[in-house]
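Colleague: predicted model and sequence below, questions to follow.
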Amino acid sequence: MVEERLDAAFHALSDPTRRGMLARLSLGEASVGELAAPLAMSFAGASKHVRVLESAGLVARRKVGRMQLCSLKAEPLKEAEQWLRQWEHFWSGNLDRLQALVERDGETR
């Protein structure tokens, strides 16, 4: 179950359009039309991206009259961040070893 949520979150985050929509939603609620406008995208195109974000649990959508309002749900981002954090020690260790090699190489020249 956790892996499926992570897969969905990373799939949703893999697209720059969807990342842009999430960035906009971090400022507050927006309609699908408002999300589409700066991207020069049709309502239908934006709605497809919003559906991917919804299925990943990153966005909630509600209808107000004829308008569809979207809001950010950041919980899946926290799960993704926690998963990525487990790799931080790996990269930090490799970068520390690389720095030591570069410094040692600089001393021998």
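Modeller: Looks like it arrived, so ask away. Numbering: from 1, shown residues only.
Colleague: can I get the helix ranked longest in the chain in CSV? Just the C-alpha atoms.
Modeller: The single longest helix within the chain, with elements called by DSSP state H, is helix 88-108. What follows is helix 88-108 as a C-alpha-only set of coordinates in CSV (Å, rounded to 0.1, in the frame of the first residue of the first chain):
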residue,chain,number,x,y,z
GLU,A,88,20.6,11.0,2.1
HIS,A,89,23.3,9.1,4.1
PHE,A,90,24.3,7.2,1.0
TRP,A,91,24.8,10.4,-1.1
SER,A,92,26.5,12.3,1.7
GLY,A,93,28.9,9.4,2.3
ASN,A,94,29.8,9.2,-1.4
LEU,A,95,30.2,13.0,-1.7
ASP,A,96,32.5,13.0,1.4
ARG,A,97,34.6,10.2,-0.2
LEU,A,98,34.8,12.2,-3.4
GLN,A,99,35.8,15.3,-1.6
ALA,A,100,38.6,13.4,0.2
LEU,A,101,39.9,12.0,-3.1
VAL,A,102,39.9,15.4,-4.8
GLU,A,103,41.7,17.0,-1.8
ARG,A,104,44.2,14.1,-1.7
ASP,A,105,44.8,14.4,-5.5
GLY,A,106,45.3,18.2,-5.1
GLU,A,107,47.9,17.6,-2.4
THR,A,108,49.9,15.3,-4.7
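Colleague: relative to the whole chain's centre, how far out is that helix?
Modeller: In terms of Cα atoms, centre = their mean, to the nearest Å, the centre of helix 88-108 is found 30 Å from the chain centre.
Colleague: which strand or helix spans the residue nearest to residue 15 when sequence neighbours are not counted?
Modeller: Once flanking residues are discounted, residue 15 sits nearest to residue 49: 7.1 Å by Cβ to Cβ, 6 or more residues apart in numbering. For glycine as for every other residue, the C-beta is placed from the backbone atoms N, C-alpha and C. Assigned by DSSP states H and E, residue 49 falls within helix 43-55.
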